[in-house]
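*Asks:* Sequence and predicted structure are below.
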Amino acid sequence: MDFLKRLFTSSILLLVMASFSQCSSVPKLQKEAPISIADVYYQEWIAGVQGGGSGINLFISVSDSDITLETVYFRGEVAKLEVKPSNPNQYIGRFKTEMNQPKDIILSSDPKEEYGNKMPQKKDKFPFELADNECVISYTVNDEIKYFKISNIKNKPVINYPSAGPKQD
């Protein structure tokens with residue numbers, strides 16, 4: 001009986017410790033942004049041809065460029081931030097959406113015809129709980145990745161491209 005009591009106590013202790021270890025896997029957000037952010041907005045776009053694609057571009061304008069922003073977490077997706085070539089103080093995060101994407105799946109009763117189909121990609125667990133108008137930005141300082149959140153992101157009107165997706169500018 002004493003053995004069962006110790007086993008039960010050890011199991012409960014192990015369960016409590018395991019539940020606390022999950023808390024450390026969530027990245028810690030800084031209270032304030034490390035740089036001055038001038039403007040943040042997102043804009044949806046859709047190509048005018050069937051299968052031409054669609055997506056959301058997130059624009060982040062900064063006043064100074066002391067640090068380099070690396071990735072953005074937005075609406076359950078992650079994207080690398082690119083510096084806009086025509087404006088070195090503006091970053092762009094590009095997210096593809098499901099609407100108007102080309103269909104590359106072949107369905108057939110003959111399995112050999114379906115050989116080239118790609119397997120669906122399983123999404124990793126998203127590390128942040130964000131509203132639709134919030135994003136988290138990552139950057140690195142002294143080999144340490146840091147994160148900060150931006151709220152109240154403005155939504156600009158949708159761009160409908162006449163014949164193809166947007167050019168990378």
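*Replies:* That came through, no problem. Residues are numbered from 1 along each chain as shown.

*Asks:* and residue 57, how many neighbours?
*Replies:* 17 (other C-beta atoms under 10 Å). C-beta here means a position set from N, CA and C on the backbone, and glycine is covered the same way.

*Asks:* Contact partners for it?
*Replies:* 42-43, 45, 92-95, 166 (C-beta atoms under 8 Å, 6 or more residues apart in numbering).

*Asks:* Put the buried members of those residues into a PyMOL selection.
*Replies:* A single PyMOL command selects the buried members of these (16 or more other C-beta atoms under 10 Å):
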select buried, resi 42+43+45+92+93+94+95
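
*Asks:* As a markdown table, the contacts of residue 57 with distance to residue 64 would be great.
*Replies:* A markdown table is the format used below for these (distance: C-beta to C-beta, whole Å):
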| residue | distance to residue 64 |
| --- | --- |
| 42 | 22 |
| 43 | 24 |
| 45 | 29 |
| 92 | 18 |
| 93 | 19 |
| 94 | 24 |
| 95 | 26 |
| 166 | 28 |
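
*Asks:* For residue 63, state which of the contacts of residue 57 is nearest.
*Replies:* The shortest approach to residue 63 among these belongs to residue 92, at 17.0 Å (C-beta to C-beta).

*Asks:* From residue 107, how far out is the closest one?
*Replies:* Between residue 92 and residue 107 the distance is 36 Å, computed by C-beta to C-beta, to the nearest Å.

*Asks:* And the nearest residue to residue 134 once chain neighbours are set aside, how close does it get to residue 162?
*Replies:* In space, and not counting its chain neighbours, residue 134 is closest to residue 151: 4.9 Å by C-beta to C-beta, 6 or more residues apart in numbering. As judged by C-beta to C-beta, residue 151 and residue 162 stand 34 Å apart.

*Asks:* And the pLDDT for residue 169?
*Replies:* pLDDT recorded at residue 169 is 55.

*Asks:* Ok, residue 107 next?
*Replies:* For residue 107, pLDDT reads 74.

*Asks:* So it: helix, strand or coil?
*Replies:* coil (DSSP: H, G, I helix; E, B strand; the rest coil).

*Asks:* Report how many residues lie close to it.
*Replies:* Residue 107, neighbours per other C-beta under 10 Å, totals 7.

*Asks:* Skip the chain neighbours and tell me the closest residue to the most centrally placed residue in the chain.
*Replies:* In the chain, the centroid-proximal residue (C-alpha atoms, centre = their mean) is residue 78; its distance is 1.9 Å. Among residues not flanking residue 78 along the chain, residue 71 sits closest, at 5.9 Å (C-beta to C-beta, 6+ apart).
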